[in-house]
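In: Below are the sequence and a predicted model; questions follow.
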Amino acid sequence: MSKPVTGPFEKTAGWLDWYAGPSKPRFALPPGAVDAHCHVFGPGAQFPYAPERKYTPCDASKAQLFALRDHLGFARNVVVQATCHGADNSAMEDACRSSGGRARGVATVRRSVSDGELTRLHDAGVRGVRFNFVKRLVDFTPKDELMEIAGRIHKLGWHVVIYFEAVDLPELWDFFTALPTTVVVDHMGRPDVTKPIDGPEFSLFLKFMRDHANVWSKVSCPERLSVAGPPALNGEQNAYRDVVPFARKVVEEFPDRVLWGTDWPHPNLKGHMPDDGLLVDFIPHIAPTRELQHKLLVDNPMRLYWPEEGRA
Ligand code: 0GY
């Protein structure tokens, strides 16, 4: 893969560039596997970053994303709008349109979005909107505006992706449980993996999924959630070992409502930038059987993002 470059924008101080020489995974992905959470950043010269952004990344283009897809052995991508692009979905839309049908997208929209724009995004491959409640990433959009958007995109058959921190779930519960669509939680609602798996926070998250059959979860981002750290520090077998019980619990209890993604190019990581090949090697630790792996990587994302192909 080519190396990250900086465009016309100054990167946020301390920004870690994505890993340019990922290893080949030892874990063989099933044919048709989907990387269901990844981003494109710019390039800033072509798709400028949003004025209201909270960080300025290094560029991470669609060509670099597709090269990573092929290198790791994925067949398809779901490109999630990153907050550094605000509600300007151009880079994500361009990536979807350039993918030959191998990428679908999740957009960020405001109340002012027209029906025509929604139709255009749908034609490009967008199948969801993302509502972000992580304070360091966005200024909040009022909940009545989000609920109005959810009602509109529900009619298109789209879903809502939600991103929040575990401590905020109680306050957001009523809003989340009133959403009319399928709801996909990013990164298991960011559990604090130093806390017990059967403690109140993660128990509430499991209850959220148990009591609401429309709620799905991405079991992604061990590199973001781990305190134990990456393979280089701890030996490959123990990579991100503190995240394993949390992710495995979700995969085993809700095998038909889980998704996995690389999260390339890994915005806002401190300390280390993961080798995406080793991230793929994490999958069998959280989905130990071929059946679970197939649901996680093929059946579930296909059902949500390419339902017209009717494979699951
Ligand atoms: C992620 C996580 C993060 C960032 C974003 O859109 C974004 O800026 O999603 C984060 O900083 O935790 O899923 O990529």
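Out: Perfect, I can see it now.

In: Helices along the stretch 1-150 of the chain, start to end?
Out: 62-72, 90-97, 115-124, 143-154 (DSSP state H, counting those that start in this stretch).

In: Likewise for the stretch 201-312 of the chain?
Out: For the stretch 201-312 of the chain, applying DSSP H, counting those that start in this stretch gives helices covering 222-225, 231-234, 244-253, 276-281, 283-286, 290-294, 300-305.

In: so where's this structure uncertain?
Out: 1-2, 5-6, 230-238, 311-312 (pLDDT under 70).

In: that older thread, most tightly packed of the helices of the stretch 1-150 of the chain?
Out: helix 90-97 (a mean of 21; mean count of other Cβ atoms under 10 Å). Heads up, the C-betas are built off the backbone N, CA and C, glycines and all.

In: so who does residue 180 touch?
Out: 150, 151, 154 (Cβ atoms under 8 Å, 6 or more residues apart in numbering).

In: Spell out which residues of the stretch 151-300 of the chain are next to the ligand.
Out: Residues of the stretch 151-300 of the chain lying close to the ligand by Cβ under 6 Å from any ligand atom are 186, 263, 267, 268.

In: Give the other helices and strands that the longest strand along the chain contacts.
Out: Ranked by number of residues, the top strand in the chain under DSSP state E is strand 126-132. Contacts defined by 3 or more Cβ pairs under 8 Å, 6 or more residues apart in numbering; DSSP states H and E place strand 126-132 against helix 90-97, strand 103-107, helix 143-154, strand 159-163.

In: Check which helices and strands the first one sits against.
Out: To tie it back to what came earlier, the one meant is helix 90-97. When contacts are defined as 3+ Cβ pairs under 8 Å, 6+ apart, helix 90-97 sits against helix 62-72, strand 76-80, strand 103-107, helix 115-124, strand 126-132.

In: can you tell if the first one touches the ligand?
Out: No. Taking Cβ under 6 Å from any ligand atom as the criterion, helix 62-72 and the ligand are apart, separated by no less than 13.1 Å.

In: can you give me the angle that helix makes with strand 103-107?
Out: 130 degrees (axes from the mean of the first three to the mean of the last three Cα atoms, to 10 degrees).

In: so how far is helix 62-72 from its chain's centroid?
Out: 16 Å (Cα atoms, centre = their mean, to the nearest Å).

In: Not counting its own residues, what contacts it?
Out: 1-2, 22, 24-25, 29, 35, 38, 40, 75-77, 79, 91, 94-95, 98-99, 102, 262, 264-265, 276-277, 280.

In: Turn the buried ones among these into a named ChimeraX selection, would you?
Out: Entered in ChimeraX, the line below selects the buried ones among these, by 16 or more other Cβ atoms under 10 Å:
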select :1,22,25,29,35,38,40,75,76,77,79,91,94,95,99,102,262,264,265,276,277,280
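
In: Now the phi/psi pair for the nearest residue to residue 35 once chain neighbours are set aside, please.
Out: The shortest distance from residue 35 to any non-neighbouring residue, by Cβ to Cβ, 6 or more residues apart in numbering, is to residue 74 (4.5 Å). Phi and psi for residue 74, reported as degrees, to the nearest 10, are phi -80, psi 160.

In: Just give me the neighbour total for residue 74.
Out: 22 (other Cβ atoms under 10 Å).

In: Can you name the residues that contact the most centrally placed residue in the chain?
Out: Central residue check for the chain by Cα atoms, centre = their mean: the C-alpha nearest the mean position is that of residue 37, 3.1 Å away. Contacts of residue 37 were listed using Cβ under 8 Å, 6+ apart, and they are 78, 80, 186, 218, 220, 221, 259, 260, 261, 262, 263.

In: and the second one, how far is that from the ligand?
Out: Taking Cβ to the nearest ligand atom, to the nearest Å as the measure, residue 80 falls 7 Å from the ligand.

In: and that residue, what is it in contact with?
Out: Remark: with contacts taken as Cβ under 8 Å, 6+ apart, residue 80 is in contact with 37, 38, 39, 92, 105, 106, 130, 161, 261.

In: Nearest residue to it in space, please, no chain neighbours.
Out: Spatial nearest neighbour of residue 80, chain neighbours left out: residue 106 (4.5 Å); criterion: Cβ to Cβ, 6+ apart.

In: For that neighbour, grab the count of nearby residues.
Out: 25.

In: Tell me if I'm right that it and residue 89 touch.
Out: No. Using Cβ atoms under 8 Å, residue 106 is not in contact with residue 89, being 9.4 Å away.

In: which residues are in contact with both of those two?
Out: Joint contacts of residue 106 and residue 89 (Cβ under 8 Å, 6+ apart) are 81, 126.
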